[in-house]
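Novice: sequence-free structure coming up:
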Ligand code: 5GP
Ligand code: ZN
């Protein structure tokens, strides 16, 4: 599958990676909408927020909250915004969670 985020997960293309664990990789958005703009991306290709099966959803949700905690610690901020675009609102059709903080945090993320 020709998916830009799968290529980042597989290290086929470069990204500014902050952190990774078993479930997620976290890297800088190439075109930041705010002073801090990270993307939290499941390592397995999942199309969008509605694509989890029942078995996956709890472990991914739990890991996502853990991952957000780590990102918050690493970036030393508890003042952030989480945005998920879904379906036709996604540019990249691999689920990703925008983590936004700092200046311009209220700018539109598209
Ligand atoms: P969406 O509109 O799908 O929610 O957001 C996709 C995001 O991925 C955009 O903010 C865009 O800047 C970012 N993006 C697209 N291609 C790349 C890439 O190759 N590398 C990185 N780091 N970010 C990308
Ligand atoms: Zn993918």
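Specialist: Perfect, thanks for sending it. Source: prediction; values computed, not measured. Ligands and ions are numbered 1, 2, ... in the order given.
Novice: flag the shaky bits of the chain, pLDDT-wise.
Specialist: By pLDDT under 70, the weakly predicted segments of the chain are 110.
Novice: ligand 1 contacts on the chain?
Specialist: Residues of the chain lying close to ligand 1 (Cβ under 6 Å from any ligand atom) are 4, 15, 27-31, 39, 85, 90-92, 110. The C-beta positions use only the backbone N, C-alpha and C, and glycine is treated the same way.
Novice: in a helix, residue 65, correct?
Specialist: Yes: read with DSSP: H, G, I helix; E, B strand; the rest coil, residue 65 is one of the residues of a helix.
Novice: ok, it - contacts?
Specialist: Contacts for residue 65 (Cβ atoms under 8 Å, 6 or more residues apart in numbering) come out as none.
Novice: mind listing the helices for this structure?
Specialist: All helices of the chain, identified by DSSP state H, fall at 4-9, 54-75.
Novice: deepest of these, which one?
Specialist: Of all those, helix 4-9 has the most neighbours on average by mean count of other Cβ atoms under 10 Å, namely a mean of 18.
Novice: list the helices and strands that one packs on?
Specialist: Applying 3 or more Cβ pairs under 8 Å, 6 or more residues apart in numbering; DSSP states H and E, one finds that helix 4-9 contacts strand 24-28, strand 36-42.
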